[in-house]
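1. Take a look and give me a structure for this.
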Amino acid sequence: MQVAAATLALALSCEARATTDIALWHAMSGELGKQLEKLTSDFNASQSDYRIVPAYKGNYTETVTAAIFAFRSRSQPAIVQVNEVATATMTAAKGAIYPVYSMMRDMGEPFSLNDYLPAVSGYYTDATGNLLSFPFNSSTPILYYNKTMFRDAGLDPETPPKTWPELGLAAKRLRDRGAVCGFTTSWPSWIHIENFSAFHNLPVATRGNGFAGLDAELTINNPVVVKHIAQLVEWQKTKLFDYSGRGQAAEPRFQNGECGIFIGSSATRADIKANSKFEIGYGMMPYWPDVKGAPQNSIIGGATLWVLRDRPRQEYKGVARFFAYLSQPGVQAAWHQNTGYLPVTRAAFELTRAQGFYERNPGSAISFEEITLHPPTENSKGIRLGSFNLIRGTIEEELERAFAGQKSAQGALDAAVERGNKLLRQFERASPER
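-> The predicted model follows:
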């Protein structure tokens, strides 16, 4: 009897000490994937109760699709990485998601939204300010310029253009000195529509950019955005601006010295620095000085970590512990410094500064300064529109028609609004909130 009792006690003790595995499906490959592996390995080594098991599932769309199919077969992970444009889609799936604020509270893990940067966390909160998902890899557009080309063109290499008129003049000087193009940009909608609007304190859509309801309508064919796109079209004719395509297609043109100025993601800073054979300068996104309220603040791109329902409670205790770990200043500072993504807390920024990182790496603080330039407004806290990945593609298709001279700026933006609103109505009709 005593032997049996001892055996049972030993079995229960081993069971109590068993490590709980927690699946994290993500979309990070290459160097970023390695950094994520290190991050989870460090967490796993910091305690013995839980083990985060990361699994690469392809790009963002493929990762989300895999999670949806897995949920239907009850084989979903506890955590899935989702890009920012799919936030409305995830929010609408109320039965599938476990909001982060609820999970942290239910699991008894200390959590304060005030610790996180409003410009980052605001993108992922509900209408009452509760955090739905955990901000993980966040970036924002910044300006890069070729200091060598600036010197050759008689421009001050220590002074980046701050406004769009200044950028136009600098681009002309670069072209006059033989540059293939004055400037180019990546991610056309993200930079020239979404962030342009936020930086000028303009709405992308009604209903608080969609945060206040599914019945939002696009407003990107307003006079300020039309004027901006029309100016790009005009500059395109003489290659002061040269459209290079969607996504990150423009980045190599800056790296190889074709274009003297480039506006792209802050998260590509390390890549640009590694592949450019010239001295690089950094600046904030330009703004039109005649627009009241500009510059306001930029908004983020990147992705966030969502928690899915119907996993064992023990897994959620581990997820809460993992998110608390990710929020630690030292962990956030290392992630920020090693990847180029924004720190999600001010404490991580202050620690990075105290460590001398920004002094050793000029330009690396600009993304933080830009996104915290002013407290976010209803127009600059983010975008919460259904099917926004499709809408973004529609916008870029219409912008390309304008850059090619096939449509006027007004005509292209009017068409983008009309087509985008149809997608919004389709999403609204299909939403369980309706």
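2. Need phi/psi at the nearest residue to V180 once chain neighbours are set aside.
-> Excluding its sequence neighbours, the residue lying closest to V180 (C-beta to C-beta, 6 or more residues apart in numbering) is E258, at 4.1 Å. C-betas here are computed from N, CA, C, even on glycine. Note on E258: backbone dihedrals following degrees, to the nearest 10 are phi -70, psi -50.
3. ok, now how distant is E258 from S276?
-> 12 Å (C-beta to C-beta, to the nearest Å).
4. Show me the shaky parts of this structure.
-> Scanning the chain for pLDDT under 70 picks out 1-17, 432-434.
5. Send me stretch 251-267 as CSV with only the CA atoms.
-> Written as CSV, here are the backbone C-alpha positions of stretch 251-267 (Å, rounded to 0.1, in the frame of the first residue of the first chain):
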residue,chain,number,x,y,z
GLU,A,251,14.3,49.5,-51.9
PRO,A,252,17.1,48.1,-54.2
ARG,A,253,16.9,51.2,-56.3
PHE,A,254,18.1,53.3,-53.3
GLN,A,255,20.7,50.7,-52.2
ASN,A,256,22.3,50.7,-55.7
GLY,A,257,22.4,54.4,-56.0
GLU,A,258,19.8,55.0,-58.6
CYS,A,259,17.6,57.2,-56.4
GLY,A,260,19.0,59.6,-53.9
ILE,A,261,16.0,59.6,-51.5
PHE,A,262,13.8,56.7,-50.4
ILE,A,263,10.8,56.5,-48.1
GLY,A,264,10.3,53.0,-46.7
SER,A,265,9.8,51.0,-43.6
SER,A,266,12.0,51.7,-40.5
ALA,A,267,12.3,47.9,-40.2
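6. gap between that stretch and the chain center?
-> Relative to the centre of its chain, stretch 251-267 is centred 19 Å away, using C-alpha atoms, centre = their mean, to the nearest Å.
7. Only the buried residues of it, if you could.
-> Across stretch 251-267, burial judged by 16 or more other C-beta atoms under 10 Å covers 251, 253-255, 258-267.
8. Are we agreed that L385 is in a helix?
-> No. Counting by DSSP: H, G, I helix; E, B strand; the rest coil, L385 is not part of a helix but coil.
9. which residues touch it?
-> Counting by C-beta atoms under 8 Å, 6 or more residues apart in numbering, L385 touches 88, 204-205, 209-210, 216, 391, 424.
10. Repeat that for A96.
-> Counting by C-beta under 8 Å, 6+ apart, A96 has contacts 71, 90, 308-309.
11. Next, find the distance separating it from A55.
-> Taken as C-beta to C-beta, the span from A96 to A55 is 19 Å.
12. repeat for K277
-> Plainly put, K277 is 37 Å away from A55 if you go by C-beta to C-beta.
13. picking up where we left off before, which of the contacts of L385 fall in helices?
-> Counting by DSSP state H, the contacts of L385 place 88, 209, 391, 424 in helices.
14. ranking those residues by neighbours, who comes first?
-> When neighbours are taken as other C-beta atoms under 10 Å, the top entry among those is I391 (28 neighbours).
15. wait, isn't that one in contact with G420?
-> Yes. Counting by C-beta atoms under 8 Å, I391 touches G420, with 4.4 Å between them.
16. Now the residue positioned nearest the centre of the chain. Nearest residue, chain neighbours left out?
-> Nearest to the mean C-alpha position of the chain, counting by C-alpha atoms, centre = their mean, stands G301 at 1.6 Å. Closest residue in space to G301, ignoring its immediate chain neighbours: S139 at 5.2 Å, by C-beta to C-beta, 6+ apart.
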